[in-house]
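1. Please find the sequence and the predicted model below.
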Amino acid sequence: MSDETADETKDVPEDGRNGEGHGVRRKTVAIIVAVIIVALAGIGGGYAYWTHHEGNAYHEAVAQAENADKALMKAIEQATATTYKADQLKEPKLLDKLDTAISKAKALKGIPNDAPSEWLAWRLASARKANATDADEADAQAKALNAALKAVRDSKLAKELDGAKSQLKQGIDSASQTLKDTDGKVADNATRDSLKKAIAEANNALSKKGVTDPKTYTDQKAKLDAAVKRVNDSKAAKEKADAEAAAQAQAQAAAQAQAAQAAAQPQSSYSQSYNRYGGSGSGYSSNRGYTAPQQSYTPSNNGGSSGGSSLADLIGAASGGHGTPCNGPCPVYAPIVH
């Protein structure tokens, strides 16, 4: 065999296959490996993207849940800050609805803060859903609670408006009667003019539409009451002045009557005292203790006296004269016996 034939025999494989088939097999293996690597890389990249997406969604859901829970807590605080009573409301049953809404809101506990691993995509997805559900429930409870609270407040306001409006109407009626009853009976008629103006303003307030603040009525009621008070004070002042003038006139009339009575009586009074011995004298008072002189006399035949005074002399002496008989009836005294 020649050398050329030997070389050709060397290049022929033992199994009778040529080198071209062996190269194809190696290329196929390389392609499969590459496909597997690409697939694994794709799977890893997809998982990484999934975890990243779920992580962002989870944190967003947590923020929404926290905000919703805060809003709900604020709604609970507002609803419980004021105590309402059934008699304060125009519709008392609304208070029961508010209490129910408060109870439901307080029962919502929220989501515990137990963040899952950032590489556990399925845990992130589950936590995201839980926080989203909590946010939705908190939002719903807050809206229901705020609506119930608003209904109670509106009902309370409606009753206050009705009450203030009714009081203003009663005030207008009373003020109008006062204005009528005080015509010509006040010290200053300007007070009645002010009352007329206040009544007109109150009627304007009463006829307004869409009033939402009770002060619209209560302020007018206060002005009306003040105007009525000024009229009543003016009336009282006139009544007092009239009473004082009447008392003064009565006193003057009494003084004039007393003066006229005094003028009709004598200018001086004369008092007489009777002299027990006869006669009268101005201011003379007899001496009830007077004792006539104890003298004896002896009557004479010729009516004279001897050594003593006669009876006539004694009588004259008693009457203030010297033996002169008294004028008029004279007392007769018995002779003094020694």
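-> Nice, thanks for sending it over.
2. Does A121 touch A57 like I think?
-> No - shown here, A121 and A57 do not form a contact pair, counting by C-beta atoms under 8 Å, at 10.5 Å. Placement of C-beta: from N, CA and C, glycine included.
3. who's more crowded, the two?
-> More crowded of A121 and A57, by other C-beta atoms under 10 Å: A121, with 20 against 17.
4. A190: neighbour count?
-> Neighbours of A190 (other C-beta under 10 Å): 12.
5. Contact partners for it?
-> Listed by C-beta atoms under 8 Å, 6 or more residues apart in numbering, A190 has no contact partners.
6. give me the low-pLDDT residue ranges for the stretch 101-250 of the chain?
-> Regions of the stretch 101-250 of the chain meeting the criterion pLDDT under 70 cover residues 112-120, 122.
7. Helices of that one, start to end?
-> In the stretch 101-250 of the chain, the helices defined using DSSP state H, counting those that start in this stretch lie at 121-181, 190-206, 215-264.
8. what about E91, which SS state?
-> With DSSP: H, G, I helix; E, B strand; the rest coil as the basis, the three-state label of E91 is coil.
9. per-residue pLDDT, it?
-> According to the prediction, E91 has pLDDT 96.
10. which residue packs closest to it, ignoring adjacent ones?
-> S155 (4.7 Å; C-beta to C-beta, 6 or more residues apart in numbering).
11. Number of residues surrounding T178?
-> T178 has 18 nearby residues by other C-beta under 10 Å.
12. which ones are touching it?
-> 195, 228, 231-232.
13. my read: the residue nearest to E91 touches L89, true?
-> Yes - between S155 and L89 there is a contact under C-beta under 8 Å: 4.2 Å.
14. Got the domain ranges for the protein?
-> Structural domains assigned to the chain are 21-155, 182-261, following automatic domain parsing.
15. okay, the ones you listed in JSON lines with distance to L161 next?
-> Formatted as JSON lines, the domains of the chain follow (distance: least, C-beta to C-beta, whole Å):
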{"stretch": "domain 21-155", "distance to L161": "9"}
{"stretch": "domain 182-261", "distance to L161": "5"}
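16. looking at those domains, which is closest to A175?
-> Closest to A175 of the domains of the chain is domain 182-261 (C-beta to C-beta; 5.1 Å).
17. end to end, how far does that closest one reach?
-> 42 Å (C-alpha to C-alpha, to the nearest Å).
18. quick one on the thing from earlier: the domains of the chain: which one's closest to D173?
-> domain 182-261 (9.8 Å).
19. My read is that A125 contacts E54, right?
-> Yes - with contacts counted by C-beta under 8 Å, A125 reaches E54, the gap being 4.9 Å.
20. Give the residue from these two that has the larger number of neighbours.
-> More neighbours surround E54 than the other of A125 and E54, with 21 against 18 (other C-beta under 10 Å).
21. for that one, what are its contacts?
-> 121, 124-125, 128.
22. Report the buried residues of stretch 211-226.
-> Across stretch 211-226, burial judged by 16 or more other C-beta atoms under 10 Å covers 214, 216-221, 223-224.
23. With respect to T133, which of those is nearest?
-> For those, the nearest to T133 is P214 (43.3 Å; C-beta to C-beta).
24. which residues does the closest one contact?
-> By C-beta under 8 Å, 6+ apart, the neighbours of P214 are 157, 160-161, 163-164.
25. are any of those buried, and which?
-> Buried among these (16+ other C-beta under 10 Å): 160-161, 164.
26. Now render those residues as TSV, adding distance to K104.
-> As requested, those are exported to TSV (distance: C-beta to C-beta, whole Å):
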residue	distance to K104
E160	28
L161	30
A164	34
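27. Output stretch 217-236 as PDB, nothing but the C-alphas.
-> The C-alpha trace of stretch 217-236 is given here as PDB (Å, rounded to 0.1, in the frame of the first residue of the first chain):
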ATOM      1  CA  TYR A 217     -83.300  84.600  64.200                       C
ATOM      2  CA  THR A 218     -81.700  84.800  67.700                       C
ATOM      3  CA  ASP A 219     -79.900  88.100  66.900                       C
ATOM      4  CA  GLN A 220     -83.200  89.700  65.700                       C
ATOM      5  CA  LYS A 221     -84.900  88.400  68.800                       C
ATOM      6  CA  ALA A 222     -82.300  90.000  71.000                       C
ATOM      7  CA  LYS A 223     -82.700  93.400  69.300                       C
ATOM      8  CA  LEU A 224     -86.500  93.100  69.600                       C
ATOM      9  CA  ASP A 225     -86.300  92.300  73.300                       C
ATOM     10  CA  ALA A 226     -84.000  95.300  73.900                       C
ATOM     11  CA  ALA A 227     -86.500  97.600  72.000                       C
ATOM     12  CA  VAL A 228     -89.400  96.300  74.100                       C
ATOM     13  CA  LYS A 229     -87.400  96.900  77.300                       C
ATOM     14  CA  ARG A 230     -86.800 100.500  76.400                       C
ATOM     15  CA  VAL A 231     -90.500 101.100  75.700                       C
ATOM     16  CA  ASN A 232     -91.400  99.400  79.000                       C
ATOM     17  CA  ASP A 233     -88.800 101.500  80.900                       C
ATOM     18  CA  SER A 234     -90.200 104.600  79.300                       C
ATOM     19  CA  LYS A 235     -93.700 103.600  80.300                       C
ATOM     20  CA  ALA A 236     -92.600 103.000  83.900                       C
END
